[in-house]
Every structure is written in structure tokens, then in C-alpha cells.
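Chemist: Sequence first, predicted model second:
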Amino acid sequence: MPLGYLPGPIRTLKLNRITRALLLVGFGLTLLYTGLSLTTSPARAPHLLSSVSAFLTSPINGGAPNATASAPAMPRPTEYDPKLILGETHNSEYAGLPVGFNGTRRANATLLMLARNNELEKAKQSVRDLEEKFNRQFGYPWLFLNNVPFDQQFKEEISALVSGPVTFALIPPQHWYQPDWIDEEKASESRDAMVEQDIIYAGSVSYRNMCRFNSGFFYRHPLLQQYKWYWRVEPDVHFHCVVDEDPFLYMEEHNKVYGFTITLLEFEKTIPTLWPAVKAFAEENPQYVAPDNAMGYLSEDGGDTYNLCHFWSNFEIANMDFWRGEAYTEFFEYLDAKGGFYYERWGDAPVHSIAAALFLRKDQIHFFDEIGYEHHPFTHCPHTPGTIKKKKCTCRGWRSFDYQAYSCMRKWERIFK
């Protein structure tokens, strides 16, 4: 493949021949993946998606490692400074503003990122994009969470980019580490078996910690108790369109609870017993199942089986009162007690999605079509040329993931017909 076909950042790197060859192979696989996606059947899509995702998140590309060997769970730290959990706030002169910089009313909300110190450049990419496209008008506070203390460089360089207050805080260890009641021998055997099946993050305990934290603990952090709404932002994402209308206020004023931009299929081998657990919970607790819910998005047969559709939770705009409420609290604790976050590899995306689809009315879940968003390798771009022009989008509609074979957008849309 000629070097000219590589993306600019790769062309400019001074790489050895082996690394360059691997990047060429990876880029070729991505092109192949894009082409195959137009012709791949939905049944085959998860397998193709898993293979490509495994490459894109491999250490050579600087992503989270696709663990090839299972490592034991790390013991929970017995000592830590409680002050780190309450965090360190920069740009505090902007804290408590009742209105945004553009003079509009501001919701009780925060921009939330879970990041590691070694993800500084990726975090800066996301912050730059969202500040430019949205937050320089509205001035919402940022909250950064980490399972270890942020270093000074991370705090200083992020603080220089944001337009309002930003706080850097530690996740309480009891919210992050594998709990003592998990049978580590059983969990280790499960991880080893998943490694043999070449499942992404198969051997990673830290990835499982993150999924469990995002499923049932992030909204319990002391610094989030003051907020009702959050916008989850991950390192190394792109926002392609101007967001000139406050999505928090839209959600609040239209009685929405959960918002998304991308919906796709989960990897079935990571959640073999999740749906049976969901069905058992719903049968035992029918009072929590909302009338006019979104079951038709999750299942082709009225709930007997799960079709693997979920909202991609690396982008979420949601009301934390839902997660804090009785239905979700009981649901999460029921699932957590099953041990599936560690005995399998349950993700926060299907857990959040299933809960929202069952315990909310379908009209309380909102698709943010007008927010152009990219988390590699998938992009959502607004559907209409008029919106793309009005919102000054830098993406193109033909790149949008929405109607590719392994997207669940058509399943989402059908429940409103």
C-alpha cells in the first residue's frame, strides 16, 4: 500500500520497518472492515466487529490492551488520602455560575471523564473538541476521575484547556477494585477461557473494574452528589458539529432521562448469562417495568431472547436520579451479586441500556441525531444535509454508522412506528 494512503499522523511518524508494516496492515484491515460492513449480514457482524476492535485497541495503537493472558485481581489499597477523593479544583472562580457564558440558564450538570495519567493527549483531544463545539458557550464544570491520583502535568494541561471549573479526583477504592466476595479462582478460570476464545479484554481485571464502576458506582462518587445531569466524555473522541443548544436543558424540559448517539451489537460471548439474569429480575420485580417501554428494541420475541442491541455508553447524557432510584439500585445489586462482571465480562453499556429500555418509557430515551460524534472506529453524523450545514459539521453523512449492518438504529426506530 503506498504511504500516501495512510492518515497524516501516521505518515509523519518516524517508525521502524516492523512498526510501519503493522500499521499498514492495521489500516488495510480498517479499510477492509469498512467495505465488508456494507455487505456483512447482521448475524456475522459481531464476529467481524470483535476482530477489528481487537486490533484497534491493541497496545501498538496506543489503546487499552487486549489482554492475552489473565492477571490476578489486584488487592484493594488499605491506605489512601480521603482528601484525594474530594479532589482538587482549578479555575474555581467560575464555579457556581447560575448561567452559562452565553447568558442562558444552566442545568445542574457536569461533564464527566474517567481517564488515566497516560491518556493525557487523548483526554486533551476530547476536551478541545467539546470546549470548542459546546462548552465555551455554556461553561459547565468538568470532573475527571481516576483510580490513582492525577499527576501535576495532567492537571495543569487539562486546566489550561477548559473554560470553566475543573476538578480532579480519586475514585474510592471500594468503588473500583474487585470485591472480596468474588471467587478469584473461578474468575481466573473464566478469564483464561475467554483468552482462549480471543475475546477482547478477556484477561483484564482492570477493564472489568471499570465496567462495574461505570455500571453501578460512578454516580455514587461524593463529588457527583451535587449534580443531577452528566455528559460522559471519553479520551480520544471527536465532536464534529456545533452544539449551540444546551442538551441538558433539552432533556430537562422534554422529560428525557437518557440520551445516546450510537447504538450497536454487543459481543455475545462476553454476556452469556446476562439476559437470563435480567429476565429473572423482571419476573421477580414487575413493578419496575415501565409501561410503553423499549423492549422491542432489545428483543425480537417479546423478551424471550436478547438481540444484543445496546446504546454505546462512551457517550451518555443522562439524569443520575434514574441510576440513584429504587428500580436501578435493585437491578444493579441483583446483577452484581451474580458476579457476571468478573465471571464473565459484563459491560456497562448493555447494563445501562437494558435498564433504560425496561424501566423508562421509550419516549424518555433520546437519540441526539444533531450531535456529530466519533469514537474510533465508529462515527455518528446527522442524517440531513440541512442539519450538517446548520451545525457546521465536519463529518459526512455517508460515514455515519447508523445504518450499517451491525448498527441497531433500525431496531430503535421501529419501536416508534
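Modeler: Okay, I see it. Numbers count the residues shown, from 1 in each chain.

Chemist: What are the structural domain limits within the chain?
Modeler: 3-61, 82-171, 175-414 (automatic domain parsing).

Chemist: List just the one of those that sits closest to Pro75.
Modeler: domain 175-414 (7.5 Å; Cβ to Cβ). In this view, the C-beta of every residue, glycine as well, is placed from N, C-alpha and C.

Chemist: Between the two ends of the closest one, how far is it?
Modeler: With Cα to Cα, to the nearest Å applied, domain 175-414 spans 38 Å between its terminal residues.

Chemist: quick one: it to chain centroid distance?
Modeler: Counting by Cα atoms, centre = their mean, to the nearest Å, domain 175-414 is centred 7 Å from the centre of its parent chain.

Chemist: do the same with stretch 163-176
Modeler: Using Cα atoms, centre = their mean, the offset of stretch 163-176 from its chain centre is 17 Å.

Chemist: in it, what counts as buried?
Modeler: Buried residues in stretch 163-176, counted by 16 or more other Cβ atoms under 10 Å: 163-172, 175-176.

Chemist: contacting residues around the residue nearest in space to the middle of the chain?
Modeler: The centre of the chain sits closest to Asn314, judged by Cα atoms, centre = their mean, with a distance of 1.7 Å. Applying Cβ atoms under 8 Å, 6 or more residues apart in numbering, we find Asn314 in contact with 232, 234, 237, 349, 375.

Chemist: Show me the two of those residues that sit farthest apart.
Modeler: Val237 and Ala349 (14.7 Å).

Chemist: Give the pairing partners of the helix or strand in which Tyr230 is found; include direction for each.
Modeler: Using DSSP states H and E, Tyr230 falls within strand 229-232. Sheet pairing of strand 229-232 (DSSP bridges) gives strand 109-114 (parallel), strand 316-319 (antiparallel).

Chemist: Same list (those) but as TSV, adding mean neighbour count, distance to Phe416 and mean pLDDT.
Modeler: Below are the strands paired with strand 229-232 laid out as TSV (neighbours: other Cβ atoms under 10 Å; distance: least, Cβ to Cβ, whole Å; pLDDT from 0 to 100):
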stretch	mean neighbour count	distance to Phe416	mean pLDDT
strand 109-114	23	27	99
strand 316-319	24	19	99
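
Chemist: can you list those strands in CSV and add distance to Asp151?
Modeler: Shown next, in CSV, are the strands paired with strand 229-232 (distance: least, Cβ to Cβ, whole Å):
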stretch, distance to Asp151
strand 109-114, 15
strand 316-319, 27
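
Chemist: Would you mark the buried spots in stretch 398-406?
Modeler: 400-402, 404-406.

Chemist: ok so, going back, distance of the residue nearest to the centre of the chain from Gln174?
Modeler: Counting by Cβ to Cβ, to the nearest Å, the gap from Asn314 to Gln174 is 25 Å.

Chemist: Phe138 too?
Modeler: 34 Å.

Chemist: got it, and Arg324?
Modeler: For Arg324 relative to Gln174 (Cβ to Cβ), the value is 17 Å.

Chemist: where does this protein dip in pLDDT?
Modeler: 1-69, 77-80, 93-103 (pLDDT under 70).

Chemist: Near the nearest residue to Ser126 once chain neighbours are set aside, how many other residues are there?
Modeler: Using Cβ to Cβ, 6 or more residues apart in numbering and skipping the chain neighbours, the partner closest in space to Ser126 is Val237 (4.9 Å). Residues near Val237, counting by other Cβ atoms under 10 Å, number 20.

Chemist: my guess is Val237 meets Pro377, correct?
Modeler: No: using Cβ atoms under 8 Å, Val237 is not in contact with Pro377, being 11.9 Å away.

Chemist: Go ahead and confirm Ile158 touches Asp151.
Modeler: No: between Ile158 and Asp151 there is no contact under Cβ under 8 Å: 11.0 Å.

Chemist: Neighbour count for the two, which is higher?
Modeler: Remark: of Ile158 and Asp151, Ile158 carries more neighbours, 21 against 13, as counted by other Cβ under 10 Å.

Chemist: And that one, which helix or strand is it part of?
Modeler: Per DSSP H and E: helix 152-159 holds Ile158.

Chemist: Quick check: which helices or strands does that helix pack against?
Modeler: Helices and strands touching helix 152-159, by 3 or more Cβ pairs under 8 Å, 6 or more residues apart in numbering; DSSP states H and E, are strand 88-90, helix 120-130, strand 142-146, strand 166-170.

Chemist: can you give me the strands for the stretch 301-417 of the chain?
Modeler: Ranges of strands in the stretch 301-417 of the chain, per DSSP state E, counting those that start in this stretch, are 309-311, 316-319, 365-367, 373-375, 378-380.

Chemist: so which of those strands is the most packed in?
Modeler: strand 309-311 (a mean of 26; mean count of other Cβ atoms under 10 Å).

Chemist: For that one, name the packing helices and strands.
Modeler: strand 263-265, helix 348-359.

Chemist: Convert the C-alpha atoms of the last one to CSV, please.
Modeler: What it means is helix 348-359. The C-alpha trace of helix 348-359 is given here as CSV (Å, rounded to 0.1, in the frame of the first residue of the first chain):
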residue,chain,number,x,y,z
ASP,A,348,-21.8,-1.1,31.5
ALA,A,349,-23.2,-0.4,28.0
PRO,A,350,-25.6,-3.4,28.0
VAL,A,351,-26.4,-3.0,31.7
HIS,A,352,-27.3,0.7,31.3
SER,A,353,-29.1,0.1,28.0
ILE,A,354,-31.3,-2.8,29.3
ALA,A,355,-32.2,-0.8,32.4
ALA,A,356,-33.2,2.3,30.4
ALA,A,357,-35.1,0.3,27.9
LEU,A,358,-37.1,-1.6,30.6
PHE,A,359,-37.5,0.9,33.4
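
Chemist: Show me what that helix is in contact with.
Modeler: 210-212, 214-216, 257-258, 263, 266, 271, 274, 278, 282, 288-290, 293-295, 297-298, 306, 308-314, 316, 322, 327-328, 331-332, 335, 365.
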